Structure formats: structure tokens, C-alpha cells
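In: need a 3D model of the sequence below.
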Amino acid sequence: MDDKKIYLLETIAEPCLVCGTPTPILYFQEPSFIDKDKFSSNNSRNICSEFSKLLESYIESRKPKTVLVHYLKADAESYNGAQGKEYIKIAQLLNLYEPFSTLNANDKNLLFKKFWEIFSGLEKFYQSCLYFGNNPKDVRVALWSYYIDYDEIIRDANDVIPGDADKAFLIPMLYKARKIFKLFKKLNITIFELAYMSQIALWSCYDILGLSKATQIIAEEMLEKASNEMHEYFVNELRIPYYATRQSHLFKIVQNIEINVNGRRQMFLAKDIFNFGSNANEENDFFNQYYKYIKKQ
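Out: As a prediction, this is how the structure comes out:
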């Protein structure tokens, strides 16, 4: 067995979401953007601090390498390719995070399926603030090599979004995304807070069916530990003794991104129930394939 391969889960042969090749095991190469020795088990178990270090390397590796172009200039193939690569990169990131990597394969799979889309939204918001600044009136979001503008898409929804059924799902999601992005910018989120929000997204698993009791206990411990670490961070680092409102905003951002993630999932799955037309969501091949994949599990 190649030592460089990190096995995330074992399952029946399914087409790879990236290359399309059937494989019985979903595995990922160790990412080159991380120096794994920095995160050995000998380090202190400050989970937010540890994850924030992983995030710094991850975000640096994902920074736009060129000037971002308008999303209408992007083709569907490049979008799907970028989305597939991001899916794998997030899995690689989690596999370097010891509280997650030591879990059994089934529990890792269950946690990852809920986590990765929420984290993707958080990371894009954070990356957008780095690229475009923190002015809440600027609602451009960086997406790999191009960007979208929430104000523009909402204004031109009738022309940009094909089909009434798609509009019924997408327009409320866009309004919610714009509102929560403005809050994200207003708060000027730090990397440590982003790590904390990631812990909320990862370990808030009360609604996940099939998760082992042992992992549920670990998740409760991780959330409590993260909360205690944030208390120390707010008081000692940010000098905010009365931080309840700010902390509640962090929860709100995670929760609303999750609501939009669930809405997107329902939109893609709904076309199997309702007649959205033959071209509904046809350009987003990655999520078409991904949601079909998790539906069968």
C-alpha cells in the first residue's frame, strides 16, 4: 500500500466525482500545501489554534493566482473541475486534523458529507474578504478564478437564472447568502474565529443518523473545548469581555450557510420529483453527480 495515500472511506465501486473512473475506495493524496510535522500529536491540543494553522496554509494555497474574471466568462467545465478539486482538498485538510483523522471510516464519511459544503461557503467568504476587502456594500464573492456579485445576480435574476422552478429555489437562497455575507464582512472575521466556526460546522452532528456513540461523545467534547478556547480568545486576544453578541453572530453565519446548503441539495434532488425541464441545472455537473451519489448511500 502506498504510504502517501490517505484512505477516507471504503464503499462500493462508484464513479469518481472528479475523473469519472469507478473505484471501490475513495482516497486522497497528502496535500503538498501542508507541513504535517507541524501538527503532530505532541503539540498542545488547542483545537481552534491547531485548525487555524491548518487553515492558514490551506487558504494561502487557495488564493487566486490571477485577476478574477466575471462568472459569465467562466465555462461549465472549468467550474465543475474547480469544484471537484475543492472537494478533495477539503477532505485532505480534514485528514490532517487529528481529532477527525482518528475516527472510524464510517463516522468520518458522515461528518465530512455534512461539513465540506458549509466549510466551502465559509472559506469563500473569508477568501473574498482578503481579495475584495471588508466593505459590506461590496458583495462580490471570489470563486476560484472568477467572481460573482450578489447584487448583480439578484437584480438580473430573470435573465441570468433559467427556468421558473430554478428561480423559486435560487432567489431566496441568494438573498440569504447576501445578507449573511454582509454580516461576515461587517464582523471582519479573524482566522481564529474561522477555525472556531469550522469546529461548529464539523462537530454539530446531533442530526446525523448512523454516527457512533463514541464519536457523538467526542463531538460534544470538541464543541465544549472550542467554546472555552473562544472565551479565552475573546477576552485575552480581542479584549472583548462582553462577546455574547459577536459569538452569536458566528453561530448565525454557520447556521445560515447550512440552510442554504440544504436548500441547494433540495433543489438538485427536486428535479427527480418535479418536471424542471431537461436543461435544469445541467451546467452544474459536479453537484448533479454528487447529490445522486449521496442519495444512494
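
In: who's in contact with the nearest residue to F115 once chain neighbours are set aside?
Out: Residue nearest to F115 in three dimensions, not counting chain neighbours: L202, with 4.8 Å by CB to CB, 6 or more residues apart in numbering. (Each C-beta comes from the backbone N, C-alpha and C, glycine too.) With contact set as CB atoms under 8 Å, 6 or more residues apart in numbering, L202 has these partners: 94, 100, 111, 115, 119, 222.

In: any idea how far Q199 is from the second one?
Out: Going from F100 to Q199 by CB to CB, to the nearest Å gives 10 Å.

In: F169 and A270 touch, don't they?
Out: Yes: under the criterion of CB atoms under 8 Å, F169 makes contact with A270 at 7.4 Å.

In: which one of the two is surrounded by more residues?
Out: Per other CB atoms under 10 Å, whichever of F169 and A270 has more neighbours is F169, with 20 against 15.

In: which SS class is that one?
Out: Secondary structure for F169, judged by DSSP: H, G, I helix; E, B strand; the rest coil, is helix.

In: give me the pLDDT value at the residue nearest to it when sequence neighbours are not counted.
Out: With sequence-adjacent residues excluded and distances taken as CB to CB, 6+ apart, F169 is closest to M267, at 3.9 Å. For M267, the pLDDT comes out at 80.

In: in what helix or strand does M267 lie?
Out: Secondary structure assigned from DSSP states H and E places M267 in helix 244-270.

In: picking that back up, looking at the contacts of L202, spot the one nearest I148.
Out: Using CB to CB, F119 comes nearest to I148 of the contacts of L202, at 18.7 Å.

In: who touches that closest one in this structure?
Out: Contacts for F119 (CB under 8 Å, 6+ apart) come out as 90, 198, 201-202.

In: could you rerun that using 7 Å?
Out: Shown in contact with F119 (CB atoms under 7 Å, 6 or more residues apart in numbering): 90, 198, 201.

In: can you check I171 too?
Out: Residues in contact with I171 (CB under 7 Å, 6+ apart) are A157.

In: I59 too?
Out: 123, 126-127 are the contacts of I59 under CB under 7 Å, 6+ apart.

In: redo that, cut-off 10 Å
Out: Contact analysis of I59 by CB atoms under 10 Å, 6 or more residues apart in numbering lists 33, 123, 126-127, 130, 191, 194.

In: and D285, by the same measure?
Out: 17, 76-77, 79-81, 83-84.

In: let me know the closest of those to G210.
Out: L17 (21.2 Å).

In: okay, and which of the contacts of F119 map to helices?
Out: 90, 198, 201 (DSSP state H).

In: what subset of those is buried?
Out: 90, 198, 201 (16 or more other CB atoms under 10 Å).

In: can you give me the strands in the stretch 101-250 of the chain?
Out: Secondary structure of the stretch 101-250 of the chain by DSSP state E, counting those that start in this stretch: the strands cover 140-143, 146-149.

In: figure out which of those strands is closest to H231.
Out: Taking the strands of the stretch 101-250 of the chain one by one with CB to CB, strand 140-143 is closest: 30.8 Å.

In: paired strands for that closest one, with orientation please.
Out: Strand pairing for strand 140-143, using DSSP bridges, gives strand 146-149 (antiparallel).

In: quick one: mean pLDDT over the partner strand.
Out: For strand 146-149, mean pLDDT is 94.

In: gap between that strand and the chain center?
Out: Centroid separation for strand 146-149 versus its chain: 17 Å, with CA atoms, centre = their mean, to the nearest Å.

In: flag every buried residue along that strand.
Out: Going by neighbour count (16+ other CB under 10 Å), the buried part of strand 146-149 is 146-149.

In: now for the closest residue in space to D107 that isn't next to it in sequence: which residues touch it?
Out: Sequence neighbours aside, T215 is the residue nearest to D107 in space, at 4.3 Å (criterion: CB to CB, 6+ apart). T215 sits next to 100, 103-104, 106-108, 110-111, 203, 205, 208 when contact means CB under 10 Å, 6+ apart.

In: of the residues you listed, keep whichever come out buried.
Out: Applying 16+ other CB under 10 Å to the contacts of T215 flags 100, 103, 107-108, 110-111, 203, 205 as buried.
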